[in-house]
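1. Predicted model, plus sequence, below.
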Amino acid sequence: MFSDKNSFKDAYLEKFAEIKGKPIEEGTLWDKYHTLVVLLKEEISLCRAFTNYAENRPSKQVYYFSMEFLIGKLLHNYLINIGIQDIVAEGLGELNIDLRDLLAQESDAGLGNGGLGRLAACFLDSMAFLGIAGHGNGIRYKYGLFEQKIVNGYQTEVADHWLKNGYPWEVRKPDKAIVVKYKGNVRAENLKGRLVFHHENYEPVLAVPYDIPIFSYENPFLINNLRLWSAEPLSSELDLALFNQGNFTQALSYKSEVEAISYILYPEDSNLAGRELRLKQEYFFVAAGLGAIVRSYKKSHGSLKDFSQGVSIHINDTHPALCIPELIRILLDEEGMDWEESWNITVDAISYTNHTVMPEALEKWPLDLFKNLLPRITMIIEEIDRRFKEKLLRRFFNSEELFESTPIIKEGQIYMANLAMIGSHSVNGVAKLHTEILKKHVFKDFHRIFGYKFTNLTNGVNHRRFLLTANPALSELITEAIGPGWKTNAAQLAKLHAFREDSSFLDQLAQVKYQNKVRLAEMIQEEQGVLIDPHSLYDVHVKRIHAYKRQLLNVLKIMELYNRLLIDPEAVQGGYTFIFGGKAAPGYHYAKSIIKLIHSVAEKVNKNPGIQDKLKVIFMENFNVSLAERIYPAADLSEQISTAGKEASGTGNMKFMMNGALTLGTLDGANVEIREAVGDDHIFIFGLTADEVLTSNRNRTYKSWDEYHTNPRLRQILEQLHSHHFMENAQEFRAIYDSLLLYNDEFYVLKDFESYIRTFEEAAARYELPKKWLQSSLHNIAESGIFSSDRTIREYAHQVWRVRCRRIE
Ligand code: 26V
């Protein structure tokens, strides 16, 4: 690797000439970015070839199967991981190239919807860092999550053509392609008393892998792999043959049907009607991924007998749950093992994480659809179900409720979570509260049967991306204070407690936050022409737009403040900037009208000259990983206000925390553990608890009209919602109004309103005491170490995958 900026510069210029064939002065920014990526990839492979890892090669490989990997941009993070950021920046500077311009060239790979996909990306980093041979397996969508454009306050969606210039990190591996088989029929043959199954007349699809290297921090030569599969027609000759026969449409439709499989990421993260294409996607990357794993395992081990000792397959939610029947299919049909052995190997290899308790997000598929698309897989699922029921009958012959809730196939539907529970050896939730809810409520019957399978593994985030890379000023300050050890061991952030009374340190912390806020203000001014005051409290609510995440509650709070200020401009102390960001699923009309409401309120508030310097409301368009990295460092207050019991964990809450924001939140998801970590004095908690919500739901005691009638402030706001107050068309927000009153406020927005306002005011008052605020901010950073995904991955390694981390610390 480059020892100084000169050796970098020489290598860079040479590479540029080689691949671009023109003088650097004539190169576009893309040319220059492209060259840098190619150079890094080659250098690393070269160094790696000279590094001998043979003697401590990990014995076990982990494969993380996920429908989504929200990796964002890689270059900046990788330069830091490799430790050459300064050399590269200076070297390029001498060539009159600004590294920041090159970083801006990279497309933000948005191959995920939100938390689940970003978690997968953080896990890849931590696995590489800890020296676990852990690889991602997913889909190379041609189009990632749509780009959000706001037009007149409404969300519109634009296709995310992230590959349009090419993606220099990936390497296509056509020689490692796998054939995936759909439809057709299954023929059973009796071979000397043993039934053998042949899948015939199937429609073949070629899965071609594209590999993206995962470079780890401080250990860049130990490279893991993210393998994304692309669907292609099996051979162009097939097309041509049909074409020549005159079957033009058939020839073309085969090609487009095949390419549709990896065409686009479904932008829904709940409530997806069972669509055939989605199921095709799920089987596609499962069959391709397992096919490649089995092939390489057999090459090195000969047989699959000890497969589960050498391989862990992790399924990220139920989307890859077909790994279970697919692995059994391979062992039975291709390896000739018997059911017992195939089953044991499969269960032993597979582990499953649940990420949601929202009933509409728990996947189920019509049995008929399954039978038609995946005939052999369906037979295997039926057999798993039959054997499971048989065992159940023996063990729990008189527990009727178990027979109702736990089978995989019920009333013509296949329940994927039930398949995942039964066919894996470990099931985990993603925060303590979430895991308890799984055990006591959502999967309580499974917990009776398989209590030993359940564990909690609280989520974490990659602190080297969301703190070290995203917030260089804070990182420098931390390193000056406690040394660099926190980068590799986030628990060391606790050393920051020693600076609690150090006023010069607190001043610097304030400066860093202020600078980050100025940077965000500049961006907002540039993009939206709205001036915000960096001295104001930045109250930030960024995440997917969902009823349960309650962006509405936040808006009602802003409306209330606004109403108060209209009467008395001195009614609130200080200035507040409310910042929102997030995408709504294109078909989720309710969420889309929340976005419109935020804009309508912003329009009113920001344009009112009387209260201009008191309140500002901003919606940041197209919230994605890159934007997130700009926003977290600038936040003062982190809004985590979901209805208790609904947010499985949340990970934004952790990213805010490590950047020194204080949480204003409900006792939901990992907020509970953030509160445990920081203590009541350094967090602002309000609202119903998960138990209270559950009890109220069970007893149907809540009547949202009561809130309306007993709270005049609330009544006023609600009436404004369906008057001309904010909109010319008074019907615009009718659905929101109705959800709160006509449909009895499923998410307890009105119920939690008063305590939310009160607690916000407490937070705002604390913000007026800078020293106290800064101490709390420091306290949050210092306690955020446990929310590094390094900690989470160590737990997975020990408790679930049973692999050794080569990095000991
Ligand atoms: C669900 C579905 C359901 C049907 C159709 C397509 C689709 C696509 C994605 C999902 C995933 C929803 C689950 C999810 O994203 N959960 C989030 O996971 C985060 C990481 O564990 C966690 O922090 C969030 O609280 C949780 O909402």
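-> Received the coordinates, thanks.
2. Going by C-alpha atoms from here, please, whenever you check contacts or count neighbours.
-> Fine.
3. so residue 639, which of the three states?
-> strand (DSSP: H, G, I helix; E, B strand; the rest coil).
4. ok, now which ones touch it?
-> Contacts of residue 639 were listed using Cα atoms under 8 Å, 6 or more residues apart in numbering, and they are 539-542, 653, 663-665.
5. Around the ligand, pick out the residues from the stretch 251-400 of the chain.
-> Contact residues, the stretch 251-400 of the chain versus the ligand (Cα under 6 Å from any ligand atom): 268-272, 355-356, 361, 363.
6. For the residues you listed, which two are the farthest from each other?
-> Using Cα to Cα, these span at most 15.6 Å, a distance reached by 272 and 355.
7. Can you give me the distance of residue 685 to the ligand?
-> Plainly put, residue 685 is 18 Å away from the ligand if you go by Cα to the nearest ligand atom, to the nearest Å.
8. Wait, that residue touches residue 672, no?
-> No: judged on Cα atoms under 8 Å, residue 685 makes no contact with residue 672 at a distance of 9.3 Å.
9. So the two - more neighbours on which side?
-> For the pair residue 685 and residue 672, the greater number of neighbours falls to residue 685 (23 against 17), based on other Cα atoms under 10 Å.
10. got a list of what that one touches?
-> Contacts for residue 685 were tallied using Cα under 8 Å, 6+ apart; they are 663-667, 759.
11. Could you identify which of the residues you listed has the most neighbours?
-> residue 663 (28 neighbours).
12. so when I look at that one, I'm seeing a strand, right?
-> Yes: the assignment for residue 663 (three-state DSSP) places it in a strand.
13. Make sure it is actually in contact with residue 640.
-> Yes: if you go by Cα under 8 Å, residue 663 and residue 640 touch, sitting 6.8 Å apart.
14. shared neighbours of these two, anything?
-> Contact with both residue 663 and residue 640 is made by residues residue 653, according to Cα under 8 Å, 6+ apart.
15. Confirm for me that residue 726 is in contact with residue 718.
-> No: when contacts are counted by Cα under 8 Å, residue 726 is not listed as touching residue 718 (11.4 Å).
16. Return the residues of the stretch 401-550 of the chain in contact with the ligand.
-> Within the stretch 401-550 of the chain, the positions adjacent to the ligand are residue 430 by Cα under 6 Å from any ligand atom.
17. repeat for the stretch 51-200 of the chain
-> Contact residues (Cα under 6 Å from any ligand atom) of the stretch 51-200 of the chain with the ligand: 114-116, 119.
18. at 8 Å what do you get?
-> Neighbours of the ligand within the stretch 51-200 of the chain, by Cα under 8 Å from any ligand atom: 113-119.
19. And the next helix or strand past the lowest-mean-pLDDT helix or strand in the chain?
-> Confidence across the helices and strands of the chain bottoms out at helix 236-244, with a mean of 68, counting by mean pLDDT, DSSP states H and E. Once the chain leaves helix 236-244, the next helix or strand it forms, by DSSP states H and E, is helix 248-260.
20. the inter-axis angle of the helix or strand following that following helix versus helix 248-260?
-> Under the assignment DSSP H and E, the closest C-terminal helix or strand after helix 248-260 is helix 276-301. Helix 276-301 runs at 70 degrees relative to helix 248-260, counting by axes from the mean of the first three to the mean of the last three Cα atoms, to 10 degrees.
21. Can you spell out which helices and strands pack onto the next helix or strand after helix 276-301?
-> Using DSSP H and E, the next helix or strand after helix 276-301 towards the C-terminus is helix 307-310. Judged by 3 or more Cα pairs under 8 Å, 6 or more residues apart in numbering; DSSP states H and E, the packing partners of helix 307-310 are helix 339-349.
22. Paired strands for the next helix or strand after the helix it packs on, with orientation please.
-> The element immediately downstream of helix 339-349 (helix or strand, assigned by DSSP H and E) is strand 350-353. Applying DSSP bridges to the sheet, strand 350-353 is found paired with strand 311-316 (parallel), strand 426-429 (parallel).
23. Quick check: pLDDT value at residue 245.
-> We have a pLDDT of 80 for residue 245.
24. burial of it, as a residue count?
-> That count, for residue 245 with other Cα under 10 Å as the rule, works out to 9.
25. repeat for residue 506
-> The local packing of residue 506 (other Cα under 10 Å) involves 20 other residues.
26. Low-confidence ranges, the protein, go.
-> By pLDDT under 70, the weakly predicted segments of the chain are 49-58, 236-240, 272, 274, 808-809.
27. From the centre of it, point out the most distant residue.
-> Using Cα atoms, centre = their mean, the residue of the chain lying farthest from its centre is residue 192. It sits 50.0 Å away.
28. now the strands for the stretch 301-450 of the chain?
-> Applying DSSP state E, counting those that start in this stretch to the stretch 301-450 of the chain gives strands spanning 311-316, 350-353, 364-366, 409-410, 413-415, 426-429.
29. how about the contacts of residue 685 in JSON lines, adding distance to the ligand?
-> As requested, the contacts of residue 685 are exported to JSON lines (distance: Cα to the nearest ligand atom, whole Å):
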{"residue": "663", "distance to the ligand": "15"}
{"residue": "664", "distance to the ligand": "16"}
{"residue": "665", "distance to the ligand": "13"}
{"residue": "666", "distance to the ligand": "13"}
{"residue": "667", "distance to the ligand": "13"}
{"residue": "759", "distance to the ligand": "22"}
